[in-house]
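S.K.: Generate coordinates for the sequence data below:
(chains A and B)
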Amino acid sequence: MKKNAVKLIVFVLAFILCFCGVTSVLDFKYLDSTFKVKMFYEQEDNTVDVLVLGSSHAYQSVNTAVLWKEYGIAAYDLCGAAQPIWNTYYYLEEALKTQTPKVIILDTYTLHYTDDYSEVSFAIKNTYGLKWSDTKTEAIRVSFDTEKYGMQYYFPILQYHSRYNDLNKSDFYPYQANEEMYQNHKGFYCYFQTTALEEPDLSEATYFNILTKKNDEYYRKILDLATSHNIPVIVTAFPFAAEIYQQAYFNTAKDIAENDYNFPFYNFLTDYKDAVGIDYATDFSDKQHLNYLGNTKITRFLGDILQNEYHVPDRRGDKKYASWEADAQVYYNQLENHEVTVYTSLEEYIPVFSNDRYTIIMTETIPGGKTLSQSALNSLRPFFSGIGISDEQAANGGAWIFENGELTYYNQCYYDNYQKTVKLSRFNDALIDIEIADTGDGKRKTKRITVDKEDKTTVNTGINIYIYDTFTQSTVDTVGLNFSNGEFVRKSK
Amino acid sequence: MQFNSIHFLLFFPIVLAVYFIIPKKIRYLWLLAASYYFYMSWNAKYAILIAFSTLVTYLCGILIHQIAKEEGKPWLRLKRFTLVLGITANLAILFLFKYLDFAVQNLNLLLGKIGVTLIDNHIDLLLPVGISFYTFQALGYVIDVYRNDTKPEYNFFRYALFVSFFPQLVAGPIERSDNLLEQLRNADKIKLWNYERIIKGFMVMMWGYFLKVVIADRAAVIANEVFDNYYAYDTSALVLGVVFFAVQIYCDFASYSTIAIGAAGIMGFELMDNFDTPYFSRSIKEFWRRWHISLSTWFRDYLYIPLGGNRKGKGRKYLNLMIVFLASGLWHGANWTYIIWGALHGIYQIIGELVRPLKDRFNEKLHVRTQAKSYKLLQMLLTFSLTCFAWLFFRADSLRAAVEYIVRIFTRPDPWSLTTGLFYNVGLDRTQMNILLIAVLVMLTVDLLKYKKNIRFENIADHQNFWVRGLILFALIFAVIVFGAYGDSFDAQQFIYFQF
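M.R.: Modelled structure (predicted):
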């Protein structure tokens, strides 16, 4: 009996251990939702001064990095993709268990939803990140139509167990398998691409669309809860390619916030559009979301208000807030990476070579395998000397590797067949591959740069530059100078 | 409440926990309450039906027993009358809920030829789950009492538990009074804390779940895809569809019995084996000794033998066989497809008997080694093919669909599909198909062990170190949790046999 009991206990313990391991691998790790909540739990108690709530509009509009760098404001975007307002309420309830924000910024985008339940996938995204508590079970009860689906959504494993089919490295390593980038995450997510939009004409939206009963209820519950905690709320409608009927919902939202609760409503689609200076031609990444230019404008506008009207303290220099500094650095690194991608000449790249975040692979192939002509050398000398490469190396061509801002490797590639691997990150290697191959215009020696089986070579003869950011663990830029026609070429990502 | 539902996952541990701590004398009452709760979770009204069946057969049992004590012809006649009354009452309910609509529709079809319509609308009675199972179980009891094969049960509640015992209530095994009822009578003598038995019961349950959620529900995706869209597929996929339906229905049905046996085992009851590696059968006759054993023995004992069995000449034997298999087909459902399926199995066996002398002479002349492995394998393959052919009718939505399906199999050969990766594109993607194939391989291995060496799944690790059993359990549990076909990406499949 005793022996059996021991066996049973060992079995059960081992089972629990394995079960936890398996579920933690299979569990959802959505960057646009559940992960933000998970990271929120890692914030030290009572450090978040500005709590940003709402949909993707909020987490792509309120730039926590700019708020920190320029105002010293510690904000967290506790948001979720397409988050219905009832989920926002439960997020607030959860947040107030550990944090005492001085101001709440509330996004009202999803108040125009008319269904009482969101799509199941979004309901999952906006509830499953929470830790188990009454808040979570309530959130699940409200988010899923239990009459239709029964109890099944109370058991997240029923949903995520089949993820074995699409696991990747972020399921096996913490922080999305990129600690440097995500271990200080504050919920903000930035797009750097630009989509030119037409500015919506909302002048006819002078009427009021009535919120659904459920939206109205939870919108008010949020404002009530904040009021009961004496936390002022800045209610907002962030800019997007809105339609008139949507603006009519924001009219109602504004009416409720201002008249029933005495909270200000900042409508960046209409009232505050000009004050912020939103430009629909440059400030959007897609129809729904602002890009880095747009969110910086909005954030500075809000930063001024937070600092001047709400007197949110400047936390810069406070050791407790080191993670905000680190998180801001992520954004500014990304910004720096983005700025590289607009360069159009080799000379502009000179400072890039001394950036210690980058690993850069450069190859130079001279037509016919000869040395570079004097005139060509003369025109390229400013670039080569700028990055510390001698005339002799420049004239002979070859392959160079720059790591941590320094030249760490050079090979003239004299031999026909040669391979060199370069470690880029824990998961990525680059390969420099020199061989004789038919490049289309006859057989010649080629120098291929390959990363993750993808060819990163831009030109056959000339200079190829591949830039990898070891911080964001991503390709920054892939460019080349074609010797046969003198063109500067960029390989699209 | 299905076995693969959250509801059952909560229900069963609670039932067990209480069962293990309450006084011995009232164990059966607790199980009765649990069984009725289990059944009523589908539809509370069903309880009335099962309670009625229970009451009727309970009274019949006692009456027959009392009458049997008297002597004389009128008493004998009364005894017989009571039996007939009991059987009729139960079959009438079954007919009302299961066959009335079918009968009316077919009658309409017949009368339609002379321009008469009997009832215009469909009679839409919801078929109570498991009605065919418990009705047969209760009838078996009455007949047993009549034949004096078993003592009547005077304790109504104990008898009610026998009819409604939740592990096997809705999909078998259809238990016999001399087995289950006898065990229920001795329920208070069961030594509950038997580590070996509990662990093995749990193992059997998990194996059942594996068969259900890893294999059957996944195979169902292929079968559904092909049978629902057979007009869009050619020979290869059509054959694949029916083979995987064979896999699906076996794993589905066997899983239910397996879970039932495991669950009952944990509580100290031994249910009869319902499936014994049926696809390794070398003849259709053997197949029926291995497939749904509790039903085929039921038909043997309560229909085939009373009809005269094989004691009244060949012609009569074949007739009896046909009657039994037509009844079996009809038992499975009120549809011509089931009747044809049953008929096919009857015909297979009659033909098998008729051609046996011919076959024997052929084998003798050509010196065929009938004991060779290759010969046995051939027999198995042939039997499996015949079974599949019959399954085709069983699964098809209508007779017409079944016929068209068969016609397509023989007229749309597409051997190139074997190399163009078609098999990874019939409902399941490559990963899912590979998981299915591996799981089927595991199932075949386990079945082979049972077939060849008579080692049952729960005894596989008996002579190994204790951690081997632990590992097997681990593998099973995690295979079920991770690779089970449940949740949003798979529609929860009902156990197929619930409809019967």
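
S.K.: and chain B, what are its domains?
M.R.: B:23-190, B:193-275+B:411-500, B:300-397 (automatic domain parsing).

S.K.: and the first one, is it in reach of chain A?
M.R.: No - with C-beta under 8 Å from any C-beta of the partner chain as the criterion, chain A is not reached by domain B:23-190; the gap is at least 11.6 Å. All C-beta atoms are positioned from the backbone trio N, CA, C, and that covers glycine.

S.K.: mind listing what A:Arg220 touches?
M.R.: The contact partners of A:Arg220, by C-beta atoms under 8 Å, 6 or more residues apart in numbering or on different chains, come to A:Ile256, A:Asp260.

S.K.: still on that earlier bit, dump the domains of chain B into a markdown table; add mean pLDDT and mean neighbour count as well.
M.R.: Output for the domains of chain B, formatted as a markdown table (pLDDT from 0 to 100; neighbours: other C-beta atoms under 10 Å in any protein chain shown):
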| stretch | mean pLDDT | mean neighbour count |
| --- | --- | --- |
| domain B:23-190 | 85 | 18 |
| domain B:193-275+B:411-500 | 87 | 19 |
| domain B:300-397 | 90 | 16 |
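
S.K.: Make TSV out of the ones you listed and add distance to A:Phe471.
M.R.: Listed next are those as TSV, based on distance: least, C-beta to C-beta, whole Å:
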stretch	distance to A:Phe471
domain B:23-190	56
domain B:193-275+B:411-500	34
domain B:300-397	58
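
S.K.: low-scoring pLDDT stretches of chain A, where are they?
M.R.: Low-confidence segments of chain A (pLDDT under 70): A:1, A:369, A:415-416, A:436-445, A:493.

S.K.: Name the residues of it found near chain B, please.
M.R.: So far as C-beta under 8 Å from any C-beta goes, chain A lies against chain B at A:1, A:4, A:7-8, A:11, A:14-15, A:18-19, A:22, A:26, A:120, A:150-152, A:154-155, A:157-162, A:164-165.

S.K.: Give me the buried subset of the residues you listed.
M.R.: A:Lys7, A:Phe11, A:Val22, A:Leu26, A:Val120, A:Gln152, A:Ile157, A:Leu158, A:Gln159, A:Tyr160, A:His161, A:Ser162 (16 or more other C-beta atoms under 10 Å in any protein chain shown).

S.K.: so how far is A:Lys3 from the fifth one?
M.R.: Counting by C-beta to C-beta, to the nearest Å, the gap between A:Val120 and A:Lys3 amounts to 48 Å.

S.K.: residue in the stretch 401-500 of chain B nearest to chain A?
M.R.: B:Gly487 (4.2 Å; C-beta to the nearest C-beta).

S.K.: Kindly list the longest helix within the chain.
M.R.: Since you didn't name a chain, this refers to chain A. When chain A is scanned for its longest helix (criterion: DSSP state H), the result is helix A:2-26.

S.K.: The chain in question should be chain B.
M.R.: From DSSP H, the single longest helix across chain B is helix B:235-266.

S.K.: hmm, that helix touching chain A?
M.R.: No - against chain A, helix B:235-266 shows no contacts by C-beta under 8 Å from any C-beta, the least distance being 13.8 Å.

S.K.: what packs against the helix or strand immediately after that helix in the chain?
M.R.: Downstream of helix B:235-266, the first helix or strand assigned by DSSP states H and E is helix B:284-290. In terms of contacts (3 or more C-beta pairs under 8 Å, 6 or more residues apart in numbering or on different chains; DSSP states H and E), helix B:284-290 is packed against helix B:336-365, helix B:373-395.

S.K.: what comes up buried for helix B:284-290?
M.R.: So for helix B:284-290, counting by 16+ other C-beta under 10 Å, buried means B:Ile284, B:Glu286, B:Phe287, B:Trp288, B:Arg290.

S.K.: Pull up the pairing partners for the strand or helix carrying A:Lys420, direction included.
M.R.: Using DSSP H and E, A:Lys420 sits in strand A:418-423. Applying DSSP bridges, strand A:418-423 is found paired with strand A:429-438 (antiparallel).

S.K.: So the residue minimising distance to the centre of chain B versus B:Pro306, what's the distance?
M.R.: Chain B has B:His292 as the residue nearest its centroid, 4.8 Å off, counting by C-alpha atoms, centre = their mean. Noted for B:His292: a distance of 20 Å to B:Pro306, by C-beta to C-beta.

S.K.: Check B:Arg158 too.
M.R.: 28 Å.
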